[in-house]
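Novice: Just need the structure, nothing else, for what follows:
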Amino acid sequence: MKLLIIGGTRFLGRAIVDAALAGGHKVTLFNRGQSNPGLYADLETLTGDRDGGLAVLKGRTWDAVIDTCGYVPRLVHDAAALLADAVALYTFISTISVYADPAVPGIDEHSPLATIADESVEEINGETYGPLKVLCEQAATKAMHGRVLHVRAGLIVGPYDLSDRFSYWPYRVAQGGEVLAPGDPNSPVQFIDVRDIATWTVQATEKQLTGPYNVTGTNVPVTMGQVLQTCQAVSGSEATFTWVSDDFLVANDAGAYTEIPLWVPAEMAGYGTVNCQKAMAAGLVTRPLADTIRDTLNWLNGRPADVQWRNGLKPEREAELLRLWHNA
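Specialist: Just a heads-up that it's a prediction; the model follows:
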């Protein structure tokens, strides 16, 4: 299969490139050449900006395109319209943020979608991200006359994840000592290894699947307690876990999913229960949790010691919360 990948040099994009190459496919990249230039020096790379710089794609054909970085409906439409006669399938990396209320337990591909009052808005923030992705899906579907696969991702984790929204836990537990553990150890959490979603995306593209698929993990519940216990087992750490209640964390303004990765208050626990049965029936396979943790930790150990973490509790903040909890 001849694949055009829009993006392809950061996290999910690079994992998709690796999966495509492992599958024997011929890959062409289209990007601005700004992120990790030279990462795939042996691959054909067409350099351009998707905002007005698509001309380099004209006159070429591929079997399919995988768009890893579409956030603005206008730009997704432009790419899909230009490629409508050049590819058989447009695979669009979307998000479960397209749903009107992602916290509803068990949402599936038929759940209501988010809307935005002003569809001309192009500023991306916490409020517009999901609705704009909905419009991106619609724009691509219209331009491609339905020949679009929408990969609705949730939290993607693993090596090269710069968000630290999962990586914090393998690293923190490996450091040992008293670890602040958030909420209920039995609360469900959901995430997917970047290599697993990448492999499925390439295979689904090869099969020319169309329509939306939730690809956020498995339907087998994983709990916060299991995550921390597996982090401990993998690292061999002697960490101890102090489970701190949701009410306490909310009262002390702890940042859900950011300052405390994976954690959300109980009333938002539906975030960890997205229904992925459709993708699983279409071949989604996920690796053992321990493998993801081990590989993430190995990658983290290769980062500079002074790297600035984007998410996760700072040591002094964790110590202060633990002190307040013990004195309550």
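
Novice: Quick check: end-to-end length of stretch 259-266?
Specialist: 17 Å (C-alpha to C-alpha, to the nearest Å).

Novice: hmm, who's touching that stretch?
Specialist: With contact meaning C-beta atoms under 8 Å, 6 or more residues apart in numbering, stretch 259-266 is reached by 103, 155, 164-169, 180, 182-184, 187, 189, 191, 224, 227, 246, 249-250, 254, 256-257, 271-272, 311-313, 317. Heads up, the C-betas are built off the backbone N, CA and C, glycines and all.

Novice: These in helices, which ones?
Specialist: Members of the contacts of stretch 259-266 lying in helices (criterion: DSSP state H): Tyr168, Trp169, Met224, Val227, Asp246, Leu249, Val250, Arg317.

Novice: Most neighbours among these, which one is it?
Specialist: Most neighbours among the ones in helices among the contacts of stretch 259-266, by other C-beta atoms under 10 Å: Trp169, with 27 neighbours.

Novice: Give the PyMOL command for selecting the buried subset of the contacts of stretch 259-266.
Specialist: With 16 or more other C-beta atoms under 10 Å as the criterion, this PyMOL line picks the buried residues out of the contacts of stretch 259-266:
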select buried, resi 155+164+165+166+167+168+169+180+182+183+184+187+189+191+224+227+246+249+254+256+271+272+311+312+313+317
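
Novice: What are the contacting residues of the longest helix seen in the chain?
Specialist: What stands out as the longest helix in the chain, according to DSSP H, is helix 129-143. By C-beta under 8 Å, 6+ apart, the residues outside helix 129-143 that reach it are 67, 70-74, 76-77, 80-81, 84, 90, 92, 94-95, 97-99, 102, 113-116, 119, 121-122, 124, 148, 150, 212.

Novice: how does it look with 6 Å?
Specialist: Under the criterion C-beta atoms under 6 Å, 6 or more residues apart in numbering, residues 70, 73, 76-77, 80-81, 84, 90, 92, 94-95, 97-98, 113-116, 148, 150 lie in contact with helix 129-143.

Novice: Same check on stretch 5-15?
Specialist: With contact meaning C-beta under 6 Å, 6+ apart, stretch 5-15 is reached by 17, 29-31, 35-36, 39, 66-69, 156, 160-161, 194-195, 198.

Novice: Can you give me the neighbour number for Gly126?
Specialist: Residues lying near Gly126 (other C-beta under 10 Å) number 7.

Novice: And for Gly302?
Specialist: Neighbours of Gly302 under the rule other C-beta under 10 Å: 7.

Novice: try Asn219
Specialist: Neighbours around Asn219, by other C-beta under 10 Å: 13.

Novice: from what I can see Asp246 touches Gly183, true?
Specialist: Yes - if you go by C-beta atoms under 6 Å, Asp246 and Gly183 touch, sitting 4.8 Å apart.

Novice: what does stretch 78-89 contact?
Specialist: 50, 54, 61-65, 90, 140, 143-144, 147, 208.

Novice: Would you mind writing the ChimeraX command to select the buried ones in the contacts of helix 129-143?
Specialist: Restricted to buried positions by 16+ other C-beta under 10 Å, the ChimeraX selection for these reads:
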select :70,73,76,77,80,90,92,94,95,97,98,113,114,148,150
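
Novice: Which ones among the contacts of helix 129-143 lie within strands?
Specialist: Judged by DSSP state E, those include Tyr90, Phe92, Ser94, Thr95, Val148, His150 as members of strands.

Novice: and Ile93, bridged to which residues?
Specialist: Counting by DSSP bridges, Ile93 is bridged to Val151.

Novice: That one and Thr218, how far apart?
Specialist: Distance, Ile93 to Thr218, by C-beta to C-beta, to the nearest Å: 19 Å.

Novice: export the longest helix of the chain as PDB, just CAs?
Specialist: The C-alpha trace of helix 129-143 is given here as PDB (Å, rounded to 0.1, in the frame of the first residue of the first chain):
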ATOM      1  CA  TYR A 129     -11.200  21.400  20.600                       C
ATOM      2  CA  GLY A 130     -13.900  18.700  20.600                       C
ATOM      3  CA  PRO A 131     -16.500  20.600  18.500                       C
ATOM      4  CA  LEU A 132     -13.900  21.600  16.000                       C
ATOM      5  CA  LYS A 133     -12.900  17.900  15.600                       C
ATOM      6  CA  VAL A 134     -16.500  17.100  14.900                       C
ATOM      7  CA  LEU A 135     -16.500  19.700  12.100                       C
ATOM      8  CA  CYS A 136     -13.200  18.300  10.900                       C
ATOM      9  CA  GLU A 137     -14.800  14.800  10.600                       C
ATOM     10  CA  GLN A 138     -17.700  16.200   8.800                       C
ATOM     11  CA  ALA A 139     -15.600  18.300   6.400                       C
ATOM     12  CA  ALA A 140     -13.400  15.300   5.500                       C
ATOM     13  CA  THR A 141     -16.500  13.000   5.000                       C
ATOM     14  CA  LYS A 142     -18.100  15.500   2.700                       C
ATOM     15  CA  ALA A 143     -15.000  16.100   0.600                       C
END
